[in-house]
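Student: This is the structure alone, sequence omitted:
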């Protein structure tokens, strides 16, 4: 997959992560989108590096989506823990 595919996957993974963890985020929509893109990259890297399951070159592979959504969820949780009280 190319960089554009990872960005699109990250946008969608961020939306799914936001759906799974509803509530107010300190960064709003833009922050959640950036977290989704970063989560897709980090989830794919962790999957290939430490879980010995490289993500496929196919956009519709389930493992690719699971790693992207998992990475976005982890980053969203960490972001809320670190900056959750900064927006009142």
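Tutor: Received the coordinates, thanks. Values in this document were obtained by computation on a predicted structure and should not be read as measured data.

Student: which SSE is the nearest residue to residue 21 once chain neighbours are set aside in?
Tutor: Leaving aside its sequence neighbours, residue 21 sits nearest to residue 76 (C-beta to C-beta, 6 or more residues apart in numbering; 5.7 Å). Quick note: C-beta positions are derived from backbone N, CA and C, even for glycine. Using DSSP states H and E, residue 76 sits within helix 62-83.

Student: Go through that helix and flag the buried ones.
Tutor: 64-65, 67-76, 79-80 (16 or more other C-beta atoms under 10 Å).

Student: OK, contacts around the spatially most central residue of the chain?
Tutor: Geometric centre of the chain, nearest residue: residue 72, 2.2 Å, by C-alpha atoms, centre = their mean. For residue 72, the contact set (C-beta atoms under 8 Å, 6 or more residues apart in numbering) comprises 10, 13-14, 16-17, 35-36, 38-40, 43.

Student: one more time with 7 Å
Tutor: Counting by C-beta atoms under 7 Å, 6 or more residues apart in numbering, residue 72 makes contact with 13-14, 17, 35-36, 39-40.

Student: what do you get for residue 35?
Tutor: Contacts of residue 35 by C-beta under 7 Å, 6+ apart are 14, 72, 75-76, 79.

Student: now, which of those sits nearest residue 49?
Tutor: residue 75 (16.5 Å; C-beta to C-beta).

Student: and the gap between that closest one and residue 60?
Tutor: Separation of residue 75 from residue 60 (C-beta to C-beta, to the nearest Å): 23 Å.

Student: before we move on, what about residue 19?
Tutor: For residue 19, the distance to residue 60 equals 19 Å [C-beta to C-beta].
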